[in-house]
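Engineer: I'll drop the sequence and a predicted model, then ask my questions.
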Amino acid sequence: MTSINMQQCFVRNEQLKHYPKVSIDSISSRFQLIVSSTSNIYGKCLFVLTIFSSTLVHCHDLLYSSMDLSLSGQLFKTFLYVLLEIVMFSAFYFNYNHRLLKQINDHWNALQIDYDYETRKYFWTHKAIYRWLTYALLSIIYISFHFHLWNDNDMIKYKSKFAFTIFCFEWFICAPMHYFHHFCMTCINMDLPILAQTAVQFNLIKLKKLLQKSAKAKKSLNIKDIQNIRHKYLLTYYLVDEINQIMSPLLLCRFGFFLLIAYHSSYDLFYAEQDQSNKGLLFITSSLVLIAVLLYTHSSIKIHEKSLETLAIVYKLSLKTDSLRILNEISLFLNHSEIGFSFGGMFMLTTSSLSTLFSILITVIIALPSFSS
């Protein structure tokens, strides 16, 4: 069926902008497949090297820490960062592999919506917006990190040659590998929800048109039409469920990173004695991480909200029939799980659950004075 926008362009004799086939194949995806569990021995060695590089990046503060009471706190903070990093890398390593990509492509092809011009336009437009936001956020974080390392260089000069060698190795090799890996994961973290949004959005538009058409005609739908819309809904559910295998642990890790950075930044900004440049750097880093977390959660919550609207229309259209068998099958949908991403497999990520998470964060920040005392 030709879309309305396409018909308008034909009437005005305008040329449509070409949008390629919907795909999550990119440099980021290819790199993650190289270091996935289904890769060869060289890919597995590269994965171990990225883990080592990220660990060394998080341990750079220990190069100039003195053996005092603050060292134990620094070690504990570094341990938490490294632990979250390993969990997030392992989630990608075991879940984002060739098998998962094949299952996602199979479910997407089963929907048979890639031919639609509006579907391609929606996917590539939103992907471009989120990708440029990713470029901007990670570029600022990368520059701020190297600025922090440059300031630390003065503190390491009086240390041993071994510490300075490690510092140079971290500056020129480990940090670029670490942030390139994070860049790839962030791009995938943006692309997968957009793919799920595209499928839900397409079904929602088609269902609204069918609902308006049936309301004007005031006729009951035939069995084939009702079975088709239910089948499309189930295929969308299977697609989002496959994507949720990688998104669920990532959302938990991303929020954990933000909680840890927010706690550390709030403590250093309000209670620790530091120069203004370090405080400004901490504020910028925590703000950028907050923006990134909001982008992840916004795209995830949007899928759930649109799916609820889609499910409501499916119920309405399912009642527009005289078939008792079709009416009795509605109970299957009543017991069906909702479409959306879960938060670490614990609960569905919705607007209410997100407000609860940030309420916990605010409570922890308010309770900082008691911890500092």
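Structural biologist: In hand now; what should we look at? These figures come from a predicted structure and were not determined experimentally.

Engineer: what ranges do the helices span in this protein?
Structural biologist: Taking DSSP state H as the test, the helices found in the chain are 4-11, 27-34, 41-58, 69-95, 98-111, 117-156, 161-169, 175-217, 223-270, 276-318, 324-328, 330-334, 351-366, 368-372.

Engineer: mind checking which of those helices is nearest residue 344?
Structural biologist: Taking Cβ to Cβ, helix 223-270 is the member of the helices of the chain nearest to residue 344, at 3.3 Å. Where C-beta positions appear, they are placed from N, C-alpha and C, glycine not excepted.

Engineer: helices or strands up against the closest one?
Structural biologist: With contacts taken as 3 or more Cβ pairs under 8 Å, 6 or more residues apart in numbering; DSSP states H and E, helix 223-270 sits against helix 69-95, helix 98-111, helix 175-217, helix 276-318, helix 324-328, helix 351-366, helix 368-372.

Engineer: Tell me the spacing between the residue nearest the centre of the chain and residue 350.
Structural biologist: Residue closest to the mean C-alpha point of the chain, counted by Cα atoms, centre = their mean, is residue 189 at 3.2 Å. According to Cβ to Cβ, to the nearest Å, residue 189 stands 19 Å off from residue 350.

Engineer: same thing with residue 296?
Structural biologist: Residue 296 is 14 Å from residue 350, by Cβ to Cβ.

Engineer: between these two, which one's more packed in?
Structural biologist: residue 296 (23 against 19; other Cβ atoms under 10 Å).

Engineer: Isn't the more buried one up against residue 257?
Structural biologist: No. Counting by Cβ atoms under 8 Å, residue 296 sits too far from residue 257 to count as a contact (11.0 Å).

Engineer: what's the least confident helix or strand in this structure, going by average pLDDT?
Structural biologist: Of all helical and strand segments in the chain, the minimum by mean pLDDT, DSSP states H and E falls on helix 4-11, at a mean of 46.

Engineer: And the average pLDDT for stretch 97-104 is what?
Structural biologist: The predicted model gives stretch 97-104 an average pLDDT of 90.

Engineer: Can I get that stretch as PDB, trimmed to CA atoms?
Structural biologist: Presented in PDB, the C-alpha positions along stretch 97-104 are these (Å, rounded to 0.1, in the frame of the first residue of the first chain):
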ATOM      1  CA  ASN A  97      26.500 -12.700  18.900                       C
ATOM      2  CA  HIS A  98      25.700 -14.100  15.500                       C
ATOM      3  CA  ARG A  99      22.900 -16.300  16.800                       C
ATOM      4  CA  LEU A 100      21.100 -13.300  18.300                       C
ATOM      5  CA  LEU A 101      21.500 -11.200  15.100                       C
ATOM      6  CA  LYS A 102      20.100 -14.100  13.000                       C
ATOM      7  CA  GLN A 103      17.000 -14.400  15.300                       C
ATOM      8  CA  ILE A 104      16.400 -10.600  15.200                       C
END
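
Engineer: Give the buried residues for it.
Structural biologist: Buried positions in stretch 97-104, judged by neighbour count with 16 or more other Cβ atoms under 10 Å: 97, 100, 101, 103, 104.

Engineer: Could you check how far the last one is from residue 22?
Structural biologist: In other words, residue 104. From residue 104 over to residue 22 (counting by Cβ to Cβ), the distance is 11 Å.

Engineer: Now list whatever residues contact both of these two.
Structural biologist: residue 195 (Cβ atoms under 8 Å, 6 or more residues apart in numbering).

Engineer: correct me, but residue 361 touches residue 259?
Structural biologist: Yes. Using Cβ under 8 Å, residue 361 is in contact with residue 259, at 6.0 Å.

Engineer: Among these two, which residue is more densely surrounded?
Structural biologist: residue 259 (20 against 17).

Engineer: Surely that one and residue 358 touch.
Structural biologist: No. Taking contacts as Cβ under 8 Å, residue 259 lies outside contact range of residue 358: 10.0 Å.

Engineer: rewinding a little: tell me the predicted confidence for the residue nearest to the centre of the chain.
Structural biologist: 85.

Engineer: Which pLDDT value goes with residue 196?
Structural biologist: For residue 196, pLDDT reads 90.

Engineer: ok, it touching residue 242?
Structural biologist: No. Taking contacts as Cβ under 8 Å, residue 196 lies outside contact range of residue 242: 9.4 Å.

Engineer: Among the two, which residue is more densely surrounded?
Structural biologist: Under the criterion of other Cβ under 10 Å, the comparison of residue 196 against residue 242 puts residue 196 first, with 30 against 21.

Engineer: how near is residue 252 to residue 258?
Structural biologist: Counting by Cβ to Cβ, the gap from residue 252 to residue 258 is 11 Å.
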